[in-house]
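Q: Sequence below, structure please.
(2 chains)
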There are 2 protein chains.
Amino acid sequence: MTDFTSPRAARLSAARRLSKRSFRAQDRAFLAEGPQAISEAVNAQGVLREVFYTSSVAAKLPDLLEAVRASGAQMHTVAETVLDSLAQTITPQGIIGVCSFIDVPLEQSLTTKSKLVSILANVRDPGNAGTVIRCSDAAGADAVIVAGESVDPYNAKAVRASAGSLFHLPLSVGVSVAQAIAQAKQAGLQVFAADGGGSATLDQRQIVSAMAQPTAWVFGNEAWGLPEDILQLCDEVVAVPIYGQAESLNLGTAAAVCLYASAREQRS
Amino acid sequence: MTDFTSPRAARLSAARRLSKRSFRAQDRAFLAEGPQAISEAVNAQGVLREVFYTSSVAAKLPDLLEAVRASGAQMHTVAETVLDSLAQTITPQGIIGVCSFIDVPLEQSLTTKSKLVSILANVRDPGNAGTVIRCSDAAGADAVIVAGESVDPYNAKAVRASAGSLFHLPLSVGVSVAQAIAQAKQAGLQVFAADGGGSATLDQRQIVSAMAQPTAWVFGNEAWGLPEDILQLCDEVVAVPIYGQAESLNLGTAAAVCLYASAREQRS
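A: Numbers count the residues shown, from 1 in each chain, chains lettered A, B, ... in the order given. Next comes the predicted model:
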């Protein structure tokens, strides 16, 4: 069906291989799917390289297409089946963009001006990573550091779960958890590990008052939490208190509760 | 492979059809998958009817199997392929139980003793419903009401996302959102709608102090939130404040932030 000798087919192949982490790293590019993500990518100037879209999207969302055109991104109309073959999600909604990586060096994302930062330590599930990025943005965090053996935040599911927030705040990747913690301390932030086994809880008076200070939260792996050597590097190990019989909260909801607790104290 | 004339095959067929909501309603029974859920079902006395498990689980988890036996539930060893054919999740972990419905009438779950209650209003995603049940349990809520056109909380994905919490706190189903709100008011609770469009926010002084009072939170549909006629029935429409550029939080994280904000004020 597709003419693999046409220039457009070559662009399609180049985009399609971005579903693999190794090719994303090589091209320093990732896919963003759906009108909301494309709109955010346009706003994050200089990020959007090219866009594939169906004619029905072009008819339905002329303003979005005009914004894409004005951004200078290359544009390709494709058949619905071609678009679906490119998509990583079940509902690509007729438009997919190729975006340049947006991560910045740790020294730029974590500075003496930072007040609230999330450090993802070996978070493996892309949905969780995207959710924590979204919550961090919502709570007004200054940056997100995706550290250690964490999932690639440019993974399509992570991008989707971030609901556009990936484009909203400085992101750093490819550093160890220890490096991220060291940089946070260097920048004058206290480092709180979010861990169900913490001796302190989020609602304790001394933690509540400490949270008014600039804070980096470290969120660990879904299954095994944070390893002892990382806990040792943190200033406090803080649990979200469990008032009922639940064993724990999931990563996204625990992160939301921690980040909003900090935001409230820092802003009140 | 399976002998469909054997009594065990009949039990298997009866269990397998519980993947459909209509059969669950007819039998007033649902499936719980995995060791954690089975353990919780055993603790919720009188709930577990029968269990299907592989011989490898029997070897690995003798204590769990002994607890199941002591509970009086029927037990069936099955081949791994048979168990997988019964499972609704990708990782059934070798053990699946048939449990009796555990919901109670609204008048039992929402009483003058209730301090914190979640009302799910037309929540459609089973993962979200389960997550809100889990967060409600963790935050020490007294009950969860699954109201209106919400997903069936006995759906396998919802049970799984609740991580055992479904068995921990009183649950009511099959009522309208208006009925649930009326019962909450009757029981002396104030009713707060969680809605991104709310004029009040969770961190505002008057909301913070009001949250010390017994409260029912109403959480709406993932896509379209809460309809105007429901908002009219609530005492306050409260938004989780968005301090960054995110458009919103997802349902599970927003519910976690609201419920923990109430728990903190009620317990401090």
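
Q: Give me the phi and psi for residue A:29.
A: phi -150, psi 150 (degrees, to the nearest 10).

Q: Give me the phi and psi for the closest residue to it other than its chain neighbours.
A: Of all residues not flanking residue A:29 in the chain, residue A:98 sits nearest, at 5.4 Å (Cβ to Cβ, 6 or more residues apart in numbering or on different chains). Using the backbone N, CA and C atoms, a C-beta is placed for each residue, glycine as well. When read as degrees, to the nearest 10, the backbone of residue A:98 gives phi -100, psi 120.

Q: tell me which parts of chain A are close to chain B?
A: A:36, A:131, A:134-141, A:163-165, A:168-169, A:202-203, A:240-250, A:252-257, A:260-261, A:263-264, A:267-268 (Cβ under 8 Å from any Cβ of the partner chain).

Q: Give me the subset of those residues that lies in helices.
A: Mapping those onto helices (DSSP state H) picks out A:36, A:131, A:134-138, A:252-257, A:260-261, A:263-264, A:267.

Q: buried sites along stretch A:144-163?
A: A:144-148, A:150-163 (16 or more other Cβ atoms under 10 Å in any protein chain shown).

Q: let me redo that: stretch A:27-41
A: Buried residues in stretch A:27-41 (16+ other Cβ under 10 Å): A:27, A:29-41.

Q: repeat for stretch A:180-195
A: Applying 16+ other Cβ under 10 Å to stretch A:180-195 flags A:180-185, A:187, A:189-195 as buried.

Q: Regarding it, how distant is the last residue from the first?
A: Stretch A:180-195 has an end-to-end distance of 17 Å (criterion: Cα to Cα, to the nearest Å).

Q: Between all of the buried residues of stretch A:180-195, which two are at the greatest distance?
A: Greatest spacing in these, by Cβ to Cβ: A:187 and A:195 (22.1 Å).

Q: now the strands for chain A?
A: A:29-33, A:48-53, A:74-77, A:95-100, A:116-121, A:143-147, A:171-175, A:190-194, A:200-201, A:215-219, A:236-239 (DSSP state E).

Q: what about the nearest residue to residue A:255 once chain neighbours are set aside, neighbour count?
A: In space, residue A:255 comes closest to residue A:132 once its chain neighbours are excluded; the distance is 4.7 Å by Cβ to Cβ, 6+ apart. Counted with other Cβ atoms under 10 Å in any protein chain shown, the neighbours of residue A:132 add up to 32.

Q: so what's residue A:132 up against?
A: Shown in contact with residue A:132 (Cβ atoms under 8 Å, 6 or more residues apart in numbering or on different chains): A:118, A:120, A:123, A:144, A:219, A:251, A:252, A:255.

Q: out of those residues, who's nearest chain B?
A: residue A:252 (5.6 Å; Cβ to the nearest Cβ).

Q: how deep is the closest one tucked in, by neighbour count?
A: 27.

Q: With residue A:215 instead?
A: Neighbours of residue A:215 (other Cβ under 10 Å): 28.

Q: Who does it form a beta bridge with?
A: residue A:116, residue A:190 (DSSP bridges).

Q: close enough to count as contact, it and residue A:192?
A: Yes: applying Cβ atoms under 8 Å as the test, residue A:215 and residue A:192 come out as touching, 5.7 Å apart.

Q: Sketch out the low-pLDDT regions of chain A for me.
A: A:1-7, A:89-92 (pLDDT under 70).

Q: ok now do the closest residue to residue A:243 other than its chain neighbours, which residues does it touch?
A: Once flanking residues are discounted, residue A:243 sits nearest to residue B:140: 2.8 Å by Cβ to Cβ, 6+ apart. By Cβ under 8 Å, 6+ apart, the contact set of residue B:140 is A:243, A:244, B:116, B:263, B:267.

Q: could those go into CSV alongside distance to residue B:224 and neighbour count?
A: Output for the contacts of residue B:140, formatted as CSV (distance: Cβ to Cβ, whole Å; neighbours: other Cβ atoms under 10 Å in any protein chain shown):
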residue, distance to residue B:224, neighbour count
A:243, 31, 19
A:244, 30, 18
B:116, 25, 23
B:263, 28, 24
B:267, 33, 14
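
Q: For those residues, work out which two are farthest apart.
A: Top of the distance list for those (Cβ to Cβ): A:244 and B:267, 12.0 Å.

Q: hang on, the earlier thing: in PyMOL, select just the buried ones from the contacts of residue A:132.
A: Buried residues within the contacts of residue A:132, by 16+ other Cβ under 10 Å, are selected in PyMOL with:
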select buried, chain A and resi 118+120+123+144+219+251+252+255
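
Q: Can you give me the end-to-end span of stretch A:160-172?
A: End residues of stretch A:160-172 are separated by 18 Å (Cα to Cα).

Q: picking that back up, can you list the strands of chain A in JSON lines and add distance to residue B:14?
A: JSON lines is the format used below for these (distance: least, Cβ to Cβ, whole Å):
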{"stretch": "strand A:29-33", "distance to residue B:14": "42"}
{"stretch": "strand A:48-53", "distance to residue B:14": "49"}
{"stretch": "strand A:74-77", "distance to residue B:14": "53"}
{"stretch": "strand A:95-100", "distance to residue B:14": "45"}
{"stretch": "strand A:116-121", "distance to residue B:14": "44"}
{"stretch": "strand A:143-147", "distance to residue B:14": "47"}
{"stretch": "strand A:171-175", "distance to residue B:14": "50"}
{"stretch": "strand A:190-194", "distance to residue B:14": "43"}
{"stretch": "strand A:200-201", "distance to residue B:14": "45"}
{"stretch": "strand A:215-219", "distance to residue B:14": "43"}
{"stretch": "strand A:236-239", "distance to residue B:14": "42"}
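
Q: Could you tell me how far residue A:147 is located from residue A:253?
A: 21 Å (Cβ to Cβ, to the nearest Å).

Q: cool, and residue A:183?
A: Residue A:183 is 27 Å from residue A:253, by Cβ to Cβ.

Q: can you check residue A:95 too?
A: From residue A:95 to residue A:253 the distance is 31 Å (Cβ to Cβ).

Q: Check residue A:137 too.
A: 16 Å.

Q: Residue A:237 touches residue A:231, doesn't it?
A: Yes: taking Cβ under 8 Å as the definition, residue A:237 is a contact partner of residue A:231 at 5.4 Å.

Q: Overlap in contacts, the two.
A: With Cβ under 8 Å, 6+ apart, residue A:237 and residue A:231 have common neighbours A:193, A:195.

Q: Quick one: residues contacting residue A:128.
A: A:161, A:222, A:250, A:251, A:252.

Q: can you do 10 Å?
A: A:120, A:150-151, A:157-158, A:161, A:219, A:221-222, A:250-252, A:255 (Cβ atoms under 10 Å, 6 or more residues apart in numbering or on different chains).

Q: Same check on residue A:54?
A: Shown in contact with residue A:54 (Cβ under 10 Å, 6+ apart): A:60, A:77-84, A:92-96.

Q: repeat that with 7 Å
A: A:78, A:80, A:83, A:94 (Cβ atoms under 7 Å, 6 or more residues apart in numbering or on different chains).
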